[in-house]
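*Asks:* predicted coordinates and the sequence they were generated for:
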Amino acid sequence: MITHWPAPAKLNLFLYITGRRPDGYHNLQTLFQFLDYGDELQIHADQSGRIQLLTPLAGVADEDNLIVRAANLLKQAALQSNRLSASAGAQIAIEKRLPMGGGIGGGSSDAATVLVALNHLWQTGFSTEELAAMGVTLGADVPVFVHGFAAFAQGVGEELQPADPAEKWYLVAHPGVHISTPVVFGDPDLTRDTPARSLSTLLASPFANDCEAVVRKRFREVDELVSWLLEYAPSRLTGTGACVFAEFDTESAARQVLELAPNGVRGFVARGVNVSPLQRTLRGD
Ligand SMILES: C[C@@](CO)(OP(=O)(O)O)[C@H](O)COP(=O)(O)OP(=O)(O)OC[C@H]1O[C@@H](n2ccc(N)nc2=O)[C@H](O)[C@@H]1O
Ligand SMILES: Nc1ncnc2c1ncn2[C@@H]1O[C@H](COP(=O)(O)OP(=O)(O)O)[C@@H](O)[C@H]1O
C-alpha cells in the first residue's frame with residue numbers, strides 16, 4: 001500500500017503566447033519539465049464517507065483547497081459510474097514545500113497527485129486520459145502532472161506532446177512578491193502574437209518566456225532577481241512568476257550561487273526530470 005505520494009514542481013522551460021481566444025484565454029506554446037522536488041502528500045483511504053484534510057493551508061479554505069476539490073471530483077465521477085460506494089473516504093495530509101502562486105504549479109500538482117493516488121487506492125480504474133480530463137476543470141496545468149511526462153503543450157496547455165529536454169540542475173528562486181496570473185495575461189503590453197513554431201524549431205532556438213517583460217516591468221523584485229541570476233547562468237521566469245530559475249550543469253554550481261542569494265530571496269536547488277516522481281511512485285520505481 002503506497003501512503004506517501006510526491007507532488008513535484010514544474011518549470012516552463014519556455015513559454016510563448018501565440019494568440020488570444022474569443023473567450024479571453026491565451027493560446028500558448030510551452031515546454032514543461034518536472035523538478036525532483038515538491039510537496040509530499042500522505043493519503044489513507046478509509047470508509048468514513050468523508051474527505052478529511054488533516055493539514056489546512058493558511059489562507060486557503062478547505063473547500064477551495066485543490067486537494068479537497070480533486071478528491072471530491074474523483075469521488076463524484078466514481079459514484080456516477082458506479083465504481084465506488086458512498087462510504088469511500090480519505091484522510092489526506094500535506095507537507096507543503098512549494099511556494100503558493102509561484103508559477104511552479106504546486107496547487108495543480110497537489111490536485112493531480114490526489115486524482116492519481118485515490119484512483120489507485122480506491123481502485124476506481126479511470127484511465128490517465130480520464131483523470132486528465134477531470135483535472136483540467138481544476139486548472140490548466142493539472143493534465144501535465146497527471147500524465148507525468150515532460151511535455152510540449154499547446155492550446156491553453158491541454159494539448160500535450162511528450163518531450164525530452166536536457167535534465168539540468170536548477171536554482172529556483174522566489175523574490176517574495178505575489179503575482180496574479182490574470183493581471184499578467186491582462187497587461188496591455190503583453191506579447192501575445194509570437195508566431196507559432198514547430199517543436200524542433202523551438203528546441204533549436206534560445207528559450208524565453210513572453211510573460212517575463214511585463215512581469216519585470218511591474219515587479220522591481222523580479223527584475224532585480226533575474227538581472228542578478230543572469231550574472232551566473234541562463235535564467236528566466238517560470239509561468240507567470242513569481243519564481244525565476246537559473247540552469248546549471250551540476251548541483252554544486254547551483255548551490256554555490258544559492259549561497260550568494262540577496263536578502264529576501266528564498267530558493268532551492270533541484271534537478272529537472274522528464275518522468276515525474278509521481279509516475280515513479282505509481283510504477284514502484
Ligand atoms: C500560464 C501558466 C503556465 O504554466 O501559468 P502559471 O499558473 O504556471 O504561472 C498556466 O497554464 C496558467 O494556468 P492556471 O494558473 O491554472 O490558470 P487559470 O487559473 O486557468 O487562469 C487564470 C486566468 O489567467 C488567464 N489565462 C490563463 C491561462 C491562459 N492560457 N490564458 C489566460 O488568459 C485568464 O484570465 C484566466 O482567468
Ligand atoms: N493545495 C494547494 N496548494 C497551493 N495553492 C492552492 C492549493 N489549493 C488552492 N490553491 C490556490 O491556488 C493558487 C495557485 O497556486 P499554485 O498552483 O501554487 O500557483 P501557480 O499556478 O502560480 O504555480 C494559490 O494562490 C492558492 O490560492
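*Replies:* Received, thanks. Numbering: from 1, shown residues only. Ligands and ions are numbered 1, 2, ... in the order given.
*Asks:* what about the strands in this structure?
*Replies:* 4-20, 26-46, 51-53, 89-95, 151-154, 159-162, 169-174, 235-237, 244-248, 266-273 (DSSP state E).
*Asks:* dump these into a markdown table; add mean pLDDT as well.
*Replies:* Converted to a markdown table, these look like this (pLDDT from 0 to 100):
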| stretch | mean pLDDT |
| --- | --- |
| strand 4-20 | 98 |
| strand 26-46 | 98 |
| strand 51-53 | 98 |
| strand 89-95 | 98 |
| strand 151-154 | 98 |
| strand 159-162 | 96 |
| strand 169-174 | 98 |
| strand 235-237 | 98 |
| strand 244-248 | 98 |
| strand 266-273 | 97 |
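*Asks:* interface residues of the stretch 1-150 of the chain facing ligand 1?
*Replies:* Residues of the stretch 1-150 of the chain lying near ligand 1 by CB under 6 Å from any ligand atom: 12, 24-26, 28, 30, 103, 105, 139-141. Yep, even glycine has a C-beta here, placed from its N, CA and C like the rest.
*Asks:* now the strands of the chain in TSV, with distance to Leu74 and mean neighbour count?
*Replies:* Formatted as TSV, the strands of the chain follow (distance: least, CB to CB, whole Å; neighbours: other CB atoms under 10 Å):
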stretch	distance to Leu74	mean neighbour count
strand 4-20	14	23
strand 26-46	11	21
strand 51-53	10	18
strand 89-95	10	18
strand 151-154	22	21
strand 159-162	20	14
strand 169-174	30	25
strand 235-237	32	24
strand 244-248	32	24
strand 266-273	25	19
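*Asks:* let's have these in TSV, adding distance to Ala132.
*Replies:* Formatted as TSV, the strands of the chain follow (distance: least, CB to CB, whole Å):
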stretch	distance to Ala132
strand 4-20	15
strand 26-46	13
strand 51-53	21
strand 89-95	20
strand 151-154	11
strand 159-162	8
strand 169-174	25
strand 235-237	26
strand 244-248	25
strand 266-273	19
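*Asks:* which one of the ones you listed lies closest to Arg283?
*Replies:* Of all those, strand 4-20 sits nearest to Arg283, with 12.6 Å by CB to CB.
*Asks:* packing partners of that closest one?
*Replies:* strand 26-46, helix 106-121, helix 142-147, strand 169-174, strand 266-273, helix 277-283 (3 or more CB pairs under 8 Å, 6 or more residues apart in numbering; DSSP states H and E).
*Asks:* ok, which of those comes nearest ligand 2?
*Replies:* helix 106-121 (2.9 Å; CB to the nearest ligand atom).
*Asks:* what's the mean pLDDT across the closest one?
*Replies:* For helix 106-121, the mean pLDDT works out to 98.
*Asks:* alpha carbons of stretch 172-188, as PDB, please.
*Replies:* Output of stretch 172-188 as PDB, limited to C-alpha atoms (Å, rounded to 0.1, in the frame of the first residue of the first chain):
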ATOM      1  CA  VAL A 172      14.700  28.200  -8.300                       C
ATOM      2  CA  ALA A 173      14.300  31.500  -6.500                       C
ATOM      3  CA  HIS A 174      11.300  33.300  -5.200                       C
ATOM      4  CA  PRO A 175      11.500  37.100  -4.900                       C
ATOM      5  CA  GLY A 176       8.900  37.300  -2.200                       C
ATOM      6  CA  VAL A 177       6.200  39.000  -4.200                       C
ATOM      7  CA  HIS A 178       2.800  37.700  -5.200                       C
ATOM      8  CA  ILE A 179       1.900  37.900  -8.900                       C
ATOM      9  CA  SER A 180      -1.700  37.300 -10.100                       C
ATOM     10  CA  THR A 181      -1.900  35.300 -13.300                       C
ATOM     11  CA  PRO A 182      -5.000  37.200 -14.700                       C
ATOM     12  CA  VAL A 183      -3.200  40.500 -14.100                       C
ATOM     13  CA  VAL A 184      -0.200  39.300 -16.300                       C
ATOM     14  CA  PHE A 185      -2.500  38.000 -19.000                       C
ATOM     15  CA  GLY A 186      -4.500  41.200 -18.900                       C
ATOM     16  CA  ASP A 187      -1.500  43.600 -19.300                       C
ATOM     17  CA  PRO A 188      -1.900  45.600 -22.500                       C
END
